[in-house]
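here is my input, please return the structure:
(2 chains)
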Amino acid sequence: MELNIVRYILVFPLLGFLVNGFAGPRLGNKTVGLIAGGAVLLSLSLSVYVFFRLIALPADARLITDTVYTWIHSGSLTIDFKLMVDPLTSVMLLVVTGVGFLIHVYSIGYMHGDRSYPRFFAYLNLFMFAMLLLVLSSNIILMFVGWEGVGLCSYLLIGFWYEKDSAANAGKKAFITNRVGDYGFLLGVFLLASAFASKGILTLDFTTMAAHISLISPKILTVAGILLFVGATGKSAQLPLYVWLPDAMEGPTPVSALIHAATMVTAGVYMIARMNFLYVLAPTALEVVAVVGGLTALYAATIGLVQNDIKRVLAYSTISQLGYMFVGVGVGAFSAGIFHLMTHAFFKALLFLGAGSVIHALSGEQDMRKMGGLKNKIPVTHAVFLAAALAISGIPGLSGFFSKDSILSAAYASGHTFIWLLGFITALLTAFYIFRLIYMTFYGESRVEKHAAEHVHESPKVMTIPLIVLAVLSVFGGYIGVPQLLGSLIGWHHSDIFVNYLAPVFHTAPALPEMAVPTESLLMIGSIAMAILGVFAAWYVYLKSKMKTAQSAAGALPGVYRLLLNKYYVDEIYNAVIIRPMMLFSEVFLWKFFDVKIVDGAVNGSASLTQRASNRIRKIQTGDFQVYVMLFLIGVITVLAYFVLR
Amino acid sequence: MGFQENLLSIVIFLPLAGVLIGTLIGKNNTSAIKWFTLIVSVAEFAVSLFLVKRFDPSVAGMQMTEKYSWIPVYNISYQLGIDGLSLILILLTTFLTPLVLLGSWNYIKNREKEYYLWFLVLEAGMIGVFASLDLILFYVFWEAMLIPMYIIIGVWGGPRRIYAAVKFFIYTMFGSLLMLVAIIYLYFAYGSQTGIYTFNLLKLYNLSLPMSTQIWLFAAFALSFAIKVPIFPFHTWLPDAHVEAPTGGSVILAGVLLKMGTYGYMRLAMPLFPLAANAFLPYIAVLAIIGIIYGALVAMMQPDIKKLVAYSSVSHLGFVILGLMALNMQSVDGAVLQMVNHGLSTGALFMLVGMIYERRHTRELSEFGGIAKTMPVFATFFMIVTLSSIGLPGLNGFVGEFLILIGSFLAHPIYAILAGTGVILGAVYMLRTYQKVFWGKITNKKNEDLKDLSGREIVVMLPILVMIVWIGVYPKPFLDMIRNASKSYIQYVKPQTASVPASFGPALPQMPERSK
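Next comes the predicted model:
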């Protein structure tokens, strides 16, 4: 169905960006906030409307398109500015505009008093535009426009406080790391394009590609799938390109919540789900996705165990949770991956915004060693934080439990026992690090510094209301995806709504093998046990023993502790192995030696050679008439001699 | 004679008419000179828009042709005509010239009259090159255009201007002499084959020479243009010329003059000698790829912003050449579009660097830092141009780079795989530069009270920014304009026997909606 209203989902944030970007400083902060928030609210309303239009269609015809214009046309390659909404898009639309709207509202309070308030909201609206374009695109190049667009906004917003060198560096690092991933992504696109072209169909349109994907050899699909995933490891911060995300915490906290937790970083997961028609035919590529996801989940969680900056803990947690999502899509459980994407958007946005509220209350303090005992001073923040922490830990009944459990059981059911084990251990670590954060921040004795302690206050309503809404979603958001087994146990008869809704999008994905009821129950009980164990361990180490256990553990294993605290020294290794050598090579060899001495040396050398030669030859021109006549005669005689003696 | 029939001639000679009238203005009346030349160049731009109006993109071949006998003894004629390639480059020229003139208003403080008039001469010469269909006429314009640029660098340049100007002159002159020899050879070769002696390019296209001859002629043309582009390793005159040239000179040098080289490949070297072109093609492509990576790596380490932008040009033009060598619609369309894009974004970069140079009289990166705070408008403009230069989707650079890369991939995947790394490196050197100039705290006292852009400077930059966005968002009119030029270029160069690659396969009709 063609519906020309879809484009307006994009138009409003774009307008918001333009108005605030050009006229923001003159409008006054209040108007700026209204415009930015209003624009996203309009997009949200439209997304809801489009959602209802979509579900009014029969399940297997749920596709709304909106062709705006032809963007690029060259030879037989045509790339339309064309949008599409299918069930997968609609989920992303609702998550992005919904969470996006809440974060806009929150930001009105959080950014209050910032010198560059209009610039912040202009960027935020631009981000919404790019992110919505990313999810609405009907072809992979237009999607790439959104993909790079969100990267740009991420760069601009990480570097928002550009006077801080750390922020400026982090912004640049994010952009360049993503470019490395995008290089792979583009090569994947080119490979696909040329494969299709060799079949006479030069297309990059999702629907057309899906219809003809069986023409392409599995080998090419595998390589293309892996290349596209390289792009995803950049955008979604997976091994080995995750390094930018922890540094991205230099940006304002609402940005961390919106871009670096709830929406942009999930783009890679969305991309894999969108390209599911390719990945199901490239099992090796999917295997790579799942393994990288599983390893990243565990790897990042271990780093999260020892970080002291509240936002950095959450950053590593995000990387780890994204790993789960990749495990989901990687084992072929696309719906489960997207389900976790959604619940994660709720609880991780909440965790970040909650952290923002804590930082706000403590006048900017981010070090958890200088927190503690805040529970009663900021009760609303504490309550919502706790809800989110329970959700991410996978405590039964909350959203994270359902989504994480469906990923883990899919991993197990599909025979990926090793990956399941990675996820299973990560579940323990997750519960541990997040409750370590809770206990260090809200419980125990206050370690807040004096001047900050005097100002501790709960955040204003404009900030707490979005927190409460997100808390409700974090708690109840999982009930649209209750697995059948559990549904029958607890008497919830609306099981698997989410999976069924997305099923038409993933219709080519082979069904996962059914698990025996005892196995499934056992797995579930196992992960619940891990979650509870994690919470308990955190309680014991950080509250009961007043961190003495933590200290003695760090003391007992100093090597491990330092390794984790320094994030496995990966930044240092990249710097020593890639960045420094490349710069040295470029400066010392390429530029100062090769370019200046060899290439330009040859040019100037030949010039001076000519000059010297001419200087010699010039000496013949003595100006002496007799010499000239003599030379002339010698010439004549030579020529004559030649003809005579020939 | 009439406006319609001689529109091309009018476009070429209008600036020269301006020069004639301009000489009457007293040399101390600088403001009259500035306004007069500006008005002439704006009028010139307006007239060039009539070319667009008269141009029919659906027609293949040359349009708006004019032909008058010039030196009948040698059958040399004044012959003009344009296709989409010529047109888009002429538009780039007439678009940039008024901006350059307006941008120079405070920069040039001595011998103003000569400066502004030389620019009009330069403009006429550049347009003449793009519009000539007679090789001698082409050569005359080609050489004529060297002189004003030589003078602009040599008189209004920096401290080492003489060295740079001479190097520029001798280097390009060396190339063009080779070309002249080749042109004359071509004249006789065609004459001996057909009995008709002519410099008419359209006729010479039909000449079929043996490979052994083509090789030498191609080499002469190709070398001449390689210096102009410049293709690695013939690039070392460029950083020197740019560093010493005044802002306006740099903008035109990067914006238009370098395109003469790529234009030469597309109009002359490749289609005139297809056999040799195909033999040389892989080597030129490899040099282009080396240029892309090499230029970017060297740019990355430059302490002087202008030198950095100069080396980045080597990288960007590598993309253009690669596109021309890949020989399919996407890559060639991309290459032509990228000629324009490079003219816009690098032109804009030089303009912006000039603006900061006027304020601080330095271009050393280490002298700056934190300027975003004192010059927010300047910082915003610089950001947009930076993003254009690194090919951010939604801006002009992406469309060109993307088409070149996808086209080269379709031709030879390895080309695109190697050239694609330039996309990463581009982000590295540009963002590094941006951070060093604009972000961080202001550490140098001299940057504390810099004035943001003036109204005049904003007027200079805005049109370029509009084009940057326009081509990025809606490139259709431009791609339509150049389509036939790309097509005929490919037809001339591509070996007729070779199998047609799949990228030319028929586009599928609209696919049915997803079927269950």
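
and for residue 140, the neighbour number?
Went with chain A since none was named. 24 (other Cβ atoms under 10 Å in any protein chain shown). Glycine gets a C-beta too; all of them are placed from N, C-alpha and C.

let's do chain B instead
18.

secondary structure element holding it?
helix B:135-156 (DSSP states H and E).

so how far is that helix from its chain's centroid?
15 Å (Cα atoms, centre = their mean, to the nearest Å).

ok, stretch A:408-427 next?
23 Å.

ends of that stretch, what's the gap?
In stretch A:408-427, first residue to last residue: 10 Å (Cα to Cα, to the nearest Å).

now do the buried residues in that stretch.
A:408-414, A:416, A:419-420, A:422-427 (16 or more other Cβ atoms under 10 Å in any protein chain shown).

ditto for stretch A:551-559
residue A:554.

could you dump that stretch to PDB, C-alpha only?
Provided in PDB are the C-alpha atoms of stretch A:551-559 (Å, rounded to 0.1, in the frame of the first residue of the first chain):
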ATOM      1  CA  GLN A 551      39.200  -5.000  47.700                       C
ATOM      2  CA  SER A 552      40.600  -8.300  48.800                       C
ATOM      3  CA  ALA A 553      39.500  -9.900  45.500                       C
ATOM      4  CA  ALA A 554      41.300  -7.100  43.600                       C
ATOM      5  CA  GLY A 555      44.300  -7.600  45.900                       C
ATOM      6  CA  ALA A 556      44.400 -11.300  45.400                       C
ATOM      7  CA  LEU A 557      44.300 -11.100  41.700                       C
ATOM      8  CA  PRO A 558      46.100  -7.800  40.900                       C
ATOM      9  CA  GLY A 559      46.900  -8.800  37.300                       C
END
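
for the record, mean pLDDT for it?
Mean pLDDT, stretch A:551-559: 81.

and what of stretch A:331-343?
Computed over stretch A:331-343, the average pLDDT equals 94.

what ranges do the helices span in the stretch 501-646 of chain A?
Residue ranges of the helices in the stretch 501-646 of chain A, as given by DSSP state H, counting those that start in this stretch, are A:517-538, A:548-556, A:558-565, A:570-574, A:580-584, A:600-618, A:625-645.

quick one: those as JSON lines, columns for distance to residue B:61 too.
Listed next are the helices of the stretch 501-646 of chain A as JSON lines, based on distance: least, Cβ to Cβ, whole Å:
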{"stretch": "helix A:517-538", "distance to residue B:61": "71"}
{"stretch": "helix A:548-556", "distance to residue B:61": "78"}
{"stretch": "helix A:558-565", "distance to residue B:61": "69"}
{"stretch": "helix A:570-574", "distance to residue B:61": "54"}
{"stretch": "helix A:580-584", "distance to residue B:61": "48"}
{"stretch": "helix A:600-618", "distance to residue B:61": "40"}
{"stretch": "helix A:625-645", "distance to residue B:61": "52"}
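
kindly export stretch A:251-265 (C-alpha atoms) in CSV.
Extracted C-alpha coordinates of stretch A:251-265, given in CSV (Å, rounded to 0.1, in the frame of the first residue of the first chain):
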residue,chain,number,x,y,z
GLY,A,251,28.6,13.3,25.5
PRO,A,252,25.7,14.7,27.6
THR,A,253,23.9,11.9,29.3
PRO,A,254,20.6,12.1,27.4
VAL,A,255,22.7,11.5,24.3
SER,A,256,24.2,8.4,25.9
ALA,A,257,20.7,7.2,26.6
LEU,A,258,19.2,8.0,23.2
ILE,A,259,22.0,7.4,20.8
HIS,A,260,24.5,5.2,22.6
ALA,A,261,22.0,2.9,24.2
ALA,A,262,18.5,2.9,22.9
THR,A,263,18.6,3.6,19.2
MET,A,264,21.6,4.2,17.1
VAL,A,265,23.8,1.4,18.4
